[in-house]
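J.: kindly generate the corresponding structure for this input.
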Amino acid sequence: MTRTSLSAAQARRIALAAQGFIDRPPSGAPTSAHLRRVVGRTRLLQMDSVNIAARAHYMPMFSRLGPYDRDILDRAAWRPRRGSRLLVEYWAHEAALIPVDDWPLFGWRRDEFRDGRYRFTQDVMRRNRELARDVHAVIAEGGPSTPKQIEDHLGIVRPTGIPGGWWHRGEVKHLCEAMFAAGDLSAVRNENFVRHYDLTERVIGTDVVGEHIDRVDAHRELTARAASALGVATLADLADYYRTKSADVRPAIGDLVDAGELTPVTVEGWRDPAYLHARAVIPRRTDRTAILSPFDPLVFFRPRAERVFDFHYRIEIYVPEHKRVHGYYVLPYLMGDDIAARVDLKADRKAGALLVLGAFLEDGRGEKVVAGRLAADLGAMAGWLGLDRVDVGERGDLARALSAAVG
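T.: The predicted model follows:
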């Protein structure tokens, strides 16, 4: 097959189009149909427990559509009307919401996680098979339950005064996690984001649970989905999207090339060969702006973000405060086909303010133009979060211009 060449700018616009950033915005308030369109582009919504600004899974729809009612997503994943569940939690790209219809594609992963995802959890499961059966029985009888509710039902009392953290959550929590990873249990969330475990067949339906897809076929389909979501991608990009292994993705790519679904291409400035999806489009330009979650599929694979956007990005949540370069929870700012700035945000819900703790301009970008457009998007984000105003601090080389634009 003749190898096609793409410029770096074309690759950027292809990536943005694949992720839905050139789709026509809603003419009115976004609906569940718009959520379906976004998930049809991204294929997953990565989750994260940090709620300093907005939880990660809510942000991609806001970034692509603007302010929307977050109940739309909650109903799609955790509180559906009869027969209308769209999303389910599982380990896709880390913890993620995926379409219910994609659940069978991860059967091979559930087999690999039969006793849990982590070695510690596996050890707990292997030591506590009988307790695991009791936990399963409690959930089967009582419905969606938290580990604490299960412990209370079983009369388990854990010692007080033990520090928190993953490894000190009690055996019941680890058994629930092991059965979640294995697919025996699924999960729903309440309004406080607390996970309640339930039987998987009750969450997603017996017909979906019973569907089996061969490992090779599943990897081919997951690779095709990743390629569609990325537009143009290297092998490493495709493997990272669902955290699959290169050894499984490489033959899948070969099959998809043979089928005409992918075309090998070279991209200006990219070291490795790339693959263009058959339905990828190359828009002439894009003028959208968006505040992005650190876990948005556009940027969650940091080597790709640097290669596509020349944007070096590291999340610094786990970095000691005095060593952070940009801040605790820093969100990239997309402007057109460029990531032009980044902002360290915090929602001060008591004060009713979206705090910009730091604002940083990427090299060579126009300060006034970026500040003006970012100020408008921060105002929209504040309103979406139910906050009254945007307060800009003094840290960062964009802070003064942004403060003036907001004011």
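J.: okay, buried residues for the helix or strand where A247 lies please.
T.: Using DSSP states H and E, A247 sits within helix 246-258. Under the neighbour-count criterion of 16 or more other C-beta atoms under 10 Å, helix 246-258 has 248-249, 252-253, 255-256 buried. C-betas here are computed from N, CA, C, even on glycine.
J.: show the pLDDT at H168.
T.: With respect to pLDDT, H168 scores 49.
J.: okay, which residue is most central for the chain?
T.: Q46 (1.8 Å; C-alpha atoms, centre = their mean).
J.: ok so, going back, mind putting the buried residues of helix 246-258 in CSV, pLDDT and distance to R202 included?
T.: Listed next are these as CSV, based on pLDDT from 0 to 100; distance: C-beta to C-beta, whole Å:
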residue, pLDDT, distance to R202
D248, 98, 31
V249, 98, 33
A252, 98, 32
I253, 98, 37
D255, 98, 35
L256, 98, 35
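J.: can you pull out the strands in the stretch 1-150 of the chain?
T.: 4-6, 45-46, 87-92, 94-99 (DSSP state E, counting those that start in this stretch).
J.: got the angle between the third one and strand 94-99?
T.: Relative orientation of strand 87-92 and strand 94-99, computed by axes from the mean of the first three to the mean of the last three C-alpha atoms, to 10 degrees: 140 degrees.
J.: going forward, the N-terminal residue is numbered 32.
T.: Shifting the count to begin at 32 puts that one at strand 118-123.
J.: now do the same contact list for F93.
T.: If you count contacts by C-beta atoms under 8 Å, 6 or more residues apart in numbering, F93 has them with 85, 99, 322, 412, 415.
J.: I misspoke; the intended subject was Q50.
T.: Neighbours of Q50 in contact, by C-beta under 8 Å, 6+ apart: 72-73, 95, 260-262, 328-329.
J.: in PDB, could you pull the C-alpha coordinates for the lengthiest helix in the chain?
T.: Criterion DSSP state H: the longest helix present in the chain is helix 398-415. The C-alpha coordinates for helix 398-415 follow below in PDB (Å, rounded to 0.1, in the frame of the first residue of the first chain):
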ATOM      1  CA  GLU A 398      -1.400  37.100  25.700                       C
ATOM      2  CA  LYS A 399      -4.400  39.400  25.200                       C
ATOM      3  CA  VAL A 400      -6.200  37.100  22.700                       C
ATOM      4  CA  VAL A 401      -5.700  34.000  24.900                       C
ATOM      5  CA  ALA A 402      -6.700  35.800  28.100                       C
ATOM      6  CA  GLY A 403      -9.900  37.200  26.500                       C
ATOM      7  CA  ARG A 404     -11.100  33.900  25.200                       C
ATOM      8  CA  LEU A 405     -10.100  32.000  28.400                       C
ATOM      9  CA  ALA A 406     -11.900  34.500  30.600                       C
ATOM     10  CA  ALA A 407     -15.100  33.800  28.700                       C
ATOM     11  CA  ASP A 408     -14.700  30.000  29.000                       C
ATOM     12  CA  LEU A 409     -13.900  30.300  32.700                       C
ATOM     13  CA  GLY A 410     -17.100  32.300  33.200                       C
ATOM     14  CA  ALA A 411     -19.000  29.600  31.500                       C
ATOM     15  CA  MET A 412     -17.400  26.900  33.600                       C
ATOM     16  CA  ALA A 413     -18.200  28.800  36.800                       C
ATOM     17  CA  GLY A 414     -21.800  29.100  35.800                       C
ATOM     18  CA  TRP A 415     -21.900  25.400  34.900                       C
END
